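Engineer: For reference, the sequence and a predicted model appear below.
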Amino acid sequence: MSTVLIVEDEHELAALIRRQLEGEGYGALVAHDGQTALLLAAQSAPDLVILDWMLPGLDGLTVCRRLRERSAVPIMMLTARAEEADRVLGLEVGADDYLTKPFSLRELMARVRAIFRRIDLERRDQDAPHTPLNHGRVQIDPVARRVTVDGDTVELTVKEYDLLLLLARHPGRSFSRSYLLDHIWGDEYEGGDRTVDTHIVRLRRKLGELGERIVTVWGVGYRLEL
Ligand code: CA
């Protein structure tokens, strides 16, 4: 059973989320402050952390950073702050996803299920990194570095291919431009954020109508929706 750690100082909201998760077959733990959250996370190694940003004592951002120092557990931040700078900051310290308050439980659960689907995909990918990725009409063969759409080969540059592979390996996950620059370009990077944008534009064009699945995450970067 997958276990979710809920870190939320509003007791009623925490209880509501807990009931919903348990109703859908997940295990749930609740912490009402950051210190307790770190303790529980260390003791019970949850599979997902739902983390409120505004907490008494240690704030959510600090908790996120500390969790990241010792684990790769997916972290979904809850925030009442929709500002671009905040969302980027959250992704930079290692949050995987965001939900802006107020949200519906339905939306929350959809995101939770998406994260667990992604974990499954990543696990399968780690077990067999050379297995072709099959996303319906798009197929990616990591050995041949070949991409086909509806059976037709799409000619991609090295960076376009690397970008697509990264997004396709983590569908539903939002990547910031700076993360993409670091991981795709690394030391070769020059030019700035626009480098990512121009590559995405070309990639979308080459993928045709399926290019629309590469979604712009406002103020942050990009994600692939399947
Ligand atoms: Ca709060």
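Structural biologist: Ah, there it is. For clarity, every value in this text was computed on a predicted model and none was experimentally measured.
Engineer: Only C-alpha atoms from now on, for both contacts and neighbour counts.
Structural biologist: Will do.
Engineer: Tell me where the protein has strands.
Structural biologist: Taking DSSP state E, the strands of the chain run over residues 3-7, 27-31, 48-52, 75-79, 97-100, 133-135, 138-141, 146-149, 152-154, 175-176, 214-217, 221-224.
Engineer: What residues does the closest residue to the ion within the chain make contact with?
Structural biologist: Ranked by C-alpha to the ion, the top residue of the chain for proximity to the ion is Met54, at 4.2 Å. Contacts for Met54 (C-alpha atoms under 8 Å, 6 or more residues apart in numbering) come out as Gly60, Thr79.
Engineer: excluding its backbone neighbours, what's nearest Ala80?
Structural biologist: Lys101 (4.8 Å; C-alpha to C-alpha, 6 or more residues apart in numbering).
Engineer: Count the neighbours of that neighbour for me.
Structural biologist: Using other C-alpha atoms under 10 Å, Lys101 has 12 other residues around it.
Engineer: how far away is it from Asp193?
Structural biologist: From Lys101 across to Asp193, the span is 29 Å (C-alpha to C-alpha, to the nearest Å).
Engineer: cool, and Asn134?
Structural biologist: With C-alpha to C-alpha as the criterion, Asn134 and Asp193 are 29 Å apart.
Engineer: These two: who's more crowded?
Structural biologist: Asp193 (15 against 12).
Engineer: Report how many residues lie close to Ile214.
Structural biologist: So Ile214, with other C-alpha under 10 Å, has 22 neighbours.
Engineer: Do a quick rundown of the helices in this protein.
Structural biologist: Counting by DSSP state H, the chain has helices at residues 11-23, 34-44, 60-70, 84-92, 105-127, 158-169, 177-180, 193-207.
Engineer: Ramachandran coordinates for the residue nearest the centre of the chain?
Structural biologist: For the chain, the residue nearest the mean C-alpha position is Arg173 (3.0 Å; C-alpha atoms, centre = their mean). Backbone torsions for Arg173, taken as degrees, to the nearest 10, come to phi -90, psi 140.
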